[in-house]
Structures are given as C-alpha cells and as structure tokens.
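[1] return atomic coordinates for the entry below.
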Amino acid sequence: MTASTAPLSGPLSGPLLPTDSAATTLRPAAAARVTGGLWHARRSVNAATSVPAGHQRLVEAGNLHNLRLAAGTATGDYVNNLPFLDSDVYKWLEAVAWQLGDPDTGAEESAKLAELLAEVTGLLVDAQEPSGYLDSFYQVVRPDRRWQELDWGHELYCAGHLVQAAVAHTRATGRTELLTVARRFADHIDEVFGTGEGRIDGVCGHPEIETALVELFRVTGERRYLDLARYFIDRRGQGLLPRGRFGDRYWQDHVPVREADAVAGHAVRQLYLLAGAVDVYAETGDASLLAAAERCWEEMAAEKTYVTGGLGARHTDEAFGDPYELPSERAYTETCAAIASAMLSWRLLLATGKARYADHMERVLLNGFLAGVALDGEHYSYVNPLHVRDGYVPWGGDRGPFRTRWFHCACCPPNVMRLLSSLPHYLTASDGEGLVVHQYATGSYAAEGLAVEVATDYPWRGRIEVTVTESPDADRTLTLRVPHWAAGRWTASAAGERVGADAEDDGWLRIRRRWRAGDTVVLDLDLAPRLTAPPSRADALRGCLAIERGPLVYCTELADHPAGTALDDLRIDPGAGLREMARPELLGGVVTVTGAAVTPPPVLGQDWWPYGPASGEQGERAGAVREFTAIPYHLWGHRERGAMRVWLPVLGSDPGLADRGGSAAPNGSVR
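    Residues are numbered from 1 along each chain as shown. The predicted structure is shown next:
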C-alpha cells in the first residue's frame, strides 16, 4: 500500500472516500443511516422493487445475454447492438453492492442480492480475457476494432462503471471477487494507454473512467491508477478525438480542462469529466483543476441550469445549449445529467466546504433527479421537461416526457438505483472538528466521535431536530446548513437557547461546545410558498413565474383541475397570494399550493388569425377567475398523461416582474 486508505470493510465507506492526505475541506461522515421521511420511503422502494427487478430487466433487454456470448456460454446474435450495454450491468451491480452494505436490508433480501451479484460476477470472470480485457461489444461484434473507436466505442466508459461497482462491493462487504476483475481490466488499460512508445495516446469519448480510477487508487493504494486518471484528464482537449457530427465541444475535446471557463457539449460527459478533475485535484493538490471545475460550475449554475436543477436544453446532442437557453417544453434535462450534477456538486462541497454546492445538491436531488423515477420504483424518465401541452408531445418513443418501464438506451434506471442505494453517504460530512449536516433526512449520523439523531418531516415541514446521542468529553462543532432560499426566514436554538444571530453569512450555522447526550438543536425553516422569477435573459421564460415551497419546485398538472381546463390559458395573479394545504391522501402525502388565476378570453385580430392588438391598446380584458393547484414537480405524471407546466404566465404578462430577477413574494412584491 502506497497511500493511507480506508479499510476494506466497516462503517466508513461510500462511493467517495479521499485518502488521509487528500486536499479536501470536508470528508464523508463516518456513519450515516436514513430511517424515516421522504428519502427513507423512496430508498425503501428502490431496495424492495427497483434493484431486485433490475436483474430481470437486464435479462429481458439482452445485456446479460451479450456477456454470455463474450464468455462463450450462449449462442445467438448480440442484442441491441449498442456499445455501452455492459455499463448498465455495472451500474446495477453497484446498486446491489450498496444495498448489501445497508444495515436496513433484511437478511433474506441480502441473500437474494448476494446470489445475483455472485452470479453476474462469475459471468464477468468467464467473459474476461487473459489480458484483462472485458467488453462484450468488442469481444463479440467488433473484435478487430477494439481501442480503435474511442469516440463512440465507450470501452473506457464501461470499464469505469465496472471499477465503481467493484469499489462499492469491496467497501460495502469486504469481498474482493469483483475488485479482482476490475483491477485486471484497469491493469490492461494502464498497459495500453499513455504517451510512451507502442501505447495508445487517447481519451474516451464519454468521460467516466477518470473518477473511477481515482477511487480504485483510494481502495488499493496503487499510485499508477491515480496517474492514469491524471493522464486522461491531461490529454482531454488536445484534439485526440475526431470532431464528429456534433463537433469537438460535444465531448469536451475543444480546450484543455485547466483552461475551460464554461461547460459545453453533452451534459453528462461534461459533468463526469469535471467530477474526475476534482477527484484528481483532491489526491494531487493540483489547484488548477479545482479552479477550472469551480469556474465551469459557476457558469453552469448561473446560465444553464433549470429551476429544477435540471441540465441540458437540447435533444439532438443531449447538450447544455447556449447561456440562458432554457426552453421549458423542449427541455431535455436527462435524469443521468441530474445524477452527474449531484455527484459533481458533492465533490466540490467536500473540496471547498462552500454551502452553495450543498444547496445545489438539494435542488437537484429533490426536483430534477427525483422526477426521474416513479413512486412504484418500476418506471423511469429519461427526459424531464418543465412543460407538457395537453395532447401534444414534441417527441416520442421511450424518451418521451412520461415515465416508462425501461429504455432502448437504459442508462438512467440503474443510475437512479445506484444513487438511491448510496444516498446516505451524500448527506453529511466531517470538517475535522465535528459533524456537518448539509442535507436533511431523518436518521442517525456520526463524525469525529459526535453522533446525532435527526428527526424531521423535511421537505414537507421545516422543523429539523438534531439530538446528540454520543460525544467525547471535548469540544465538538455541530454544523447545519441554512439553505440559500431560507435567507432571513429561519431560527435556531440549542438546548433551548437562541443561536445563530451572529452566524457567519456563508450558509453554515456552526455551534461549538462540549456536547452531552440528550442535547438538542432545533433549526426551523420557513417553508411558506413563494413565487420565483426567471433570469431576465431567459427569453423562453419572460413574463412567467414559478412556485417554490422550501426546497421543492411546484408545477400545475391537468389532473388537479376540472375537465376542460386548459393549463396553457391560465394567467397567475401574483397579488392574490398563495395558500398551502397538507394532503396526506395524495401521492403518498404531499403539501399542495393553491393560488388565483385568470383565464382571459382570446385576443383575435380576426376569427382565423391568433395575433391581435396589445392589451394596453385595448384596455384590460376581463376573464374568468379560477383557483389553480400546484403539486411538487417530482410527483407529476403519476395519475394521467396530461398537461403540466412549471412556469406560469403572469396576469397582464408584465415582463417587468420577470426582468427584475429574484423571488416574488406571495403578495406580489419582489425580494
């Protein structure tokens, strides 16, 4: 072992585990367990339904058949003929591994999952070549083209997901069978790639292996895996990939990583690349990589992120689009992009300790990501638009706006599974002085000898109670995040005494003291619904407002309105106020928001022509006043395939309100 690494088993585990010498401000907490609330409910469905069913879906889709062809234990044709199908198996294996390490997974369920994991691992052992190479597509379909189609071949991408699954298996269970397979493939890649004589100087068209190799270094201590990850980062942007039909920006080969100042091209590719850059920074101290990742993240957050946290405006190349290109109806906002975004923000949070990254994680997880999987755990969204017209969908197939059971290109479902299975590791951290709670979910958490129980019904209610269950006889710091949307609308107390009045204005409430078992800290966040205006440069959103409540983005859906309602005709009256209502019977229990809207009569130049005089030239035209209902965006589409929209046109279409930016209060004022 050449680096200080975590043990192969024990409570300190997770998808990201920096070495002791890593250049990070925060580290994942030593222990985390979610036991109640929204995330517990969604993770329970994932564990009981999604992950077990994943094996059967992979059988039906042919992924496992293809690996059996590579192993020589099956006959027939390669199914689906896509070069990245192995990665779906590996993401599912990673989800299985995290479930096996979850203390809430029952003995019977664990036995079944362990059996499936052993079966597939055995298949991979049989399929792997003596050299260590393992890729069913290039072993069966194009054996004469391996390592020659790096732009679209996904060989390194698939290898990266295999490595991540193996790391998860080892950390969660202490077993190394899958790790042996992954290391043999990684060793082969290390022999093949590089700038030396006889080596291939190249990078993968789809970044992913970079962050996986860093984690392989962390779990094994083998420095060459870290060096290989850095090589792939360093060679990006050197023109090693062909421009292709979308240009070199599509796979971030247009500029070296350290020189980038904006995200570009395919959203998932870009985010995985930046995640790898942050990981390499953490273990090498190369600050130029962190600086580039922060620059790109800030540009992305300010100019290319939907209010749901979704990313990717364009369908054709699954790309970000131009600054402020944020169409609601044509939004691509792939579920995988939301997952990659959360992974990048998590790494930046640990690297820098800045609360903005935790704020962004929360927005993504509770909105853009969670919309990608149904309550039943059996249906998924590939794309997540913010507007669907009644009876009209501008695209179809299995990438339509409504959730489906599986996909021809099924990257999203197993990606959802692995994130939900590993989610407890994302919620808290250690700053070396105590515990940092940056995402709120009922459960137990510990770091630096400080153990707590969190009780909350967040995000439905804003009260978060943190009770100390164990603490050393020394001062420790308990840090809670104050979300950016709650600025000026929160209170906190410790042991019954008000705290936080002199808290630093950086998004963190830090309380340092000698804790005793039973000490309780209460953070109260005002979740009153609010109206939010879009960026003034987002032309597609001018004259519209969105509804938010706490961390949740809301939407109107046809299912909540009388027959004959046309959502696209509603004009929200921001001066009428918003009201909330707890609905325990609806969609598993939600809080809805209601407000007033007007349905104006059409303004017609002539009967056959929809354009006419501006309202200011003909006076205000009275319309029917009605009440509208909004539900959390992540729950839309569960009752019928009807219309939905997040951004609501303002009564009178006053562009001034949107142009001023900020959030409009329920009474129509702007904060």
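
[2] distance of P562 from R626?
    Distance check for P562 against R626: by Cβ to Cβ, to the nearest Å, it reads 8 Å. From N, CA and C alone the C-beta is placed, and that goes for glycine too.

[3] kindly apply the preceding question to P414 instead.
    P414 sits 43 Å away from R626, taking Cβ to Cβ as the criterion.

[4] which one's more surrounded, those two?
    Each of P414 and R626 has its neighbours counted (other Cβ atoms under 10 Å); P414 has more, 28 against 13.

[5] can you tell me the SS state at the more buried one?
    helix (DSSP: H, G, I helix; E, B strand; the rest coil).

[6] cool, and H65?
    helix.

[7] so it touches A74, yeah?
    Yes: the pair H65 / A74 is scored as a contact, 5.8 Å apart, by Cβ atoms under 8 Å.

[8] which one's more surrounded, the two?
    H65 (21 against 13).

[9] list the residues that contact the more buried one.
    Shown in contact with H65 (Cβ atoms under 8 Å, 6 or more residues apart in numbering): V59, A74, G76, V79.

[10] what is the burial count for the closest residue in space to L648 that isn't next to it in sequence?
    Spatially, and ignoring its direct neighbours in sequence, L648 is nearest to I572 (4.3 Å; Cβ to Cβ, 6 or more residues apart in numbering). Neighbour count for I572, taken as other Cβ under 10 Å: 25.

[11] which phi and psi does I572 have?
    Backbone torsions of I572, given as degrees, to the nearest 10, read phi -70, psi 140.

[12] coming back round to it: out of the contacts of H65, which is most surrounded?
    For the contacts of H65, neighbours tallied by other Cβ under 10 Å; top is V79, 15 neighbours.

[13] related to what we said a few turns ago, which of the contacts of H65 fall within helices?
    V59 (DSSP state H).

[14] pLDDT and distance to D135 for the contacts of H65 - can I get that in CSV?
    Shown next, in CSV, are the contacts of H65 (pLDDT from 0 to 100; distance: Cβ to Cβ, whole Å):
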residue, pLDDT, distance to D135
V59, 98, 20
A74, 97, 16
G76, 97, 18
V79, 97, 15
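
[15] of the contacts of H65, which is the nearest to I233?
    V79 (34.1 Å; Cβ to Cβ).

[16] and the gap between that closest one and L67?
    Distance, V79 to L67, using Cβ to Cβ: 11 Å.

[17] now do A260
    Counting by Cβ to Cβ, the gap from A260 to L67 is 36 Å.

[18] distance between stretch 626-641 and the chain's centre?
    Its chain's C-alpha centre and that of stretch 626-641 lie 22 Å apart, by Cα atoms, centre = their mean, to the nearest Å.

[19] okay, buried residues for it please.
    Neighbour-count burial for stretch 626-641 flags F628, T629, A630, I631, P632, Y633, H634, L635, W636, G637, H638, R641 (criterion: 16 or more other Cβ atoms under 10 Å).

[20] do stretch 236-255 as well
    R236, G237, L241, D248, R249, Y250, W251, Q252, D253, H254, V255.
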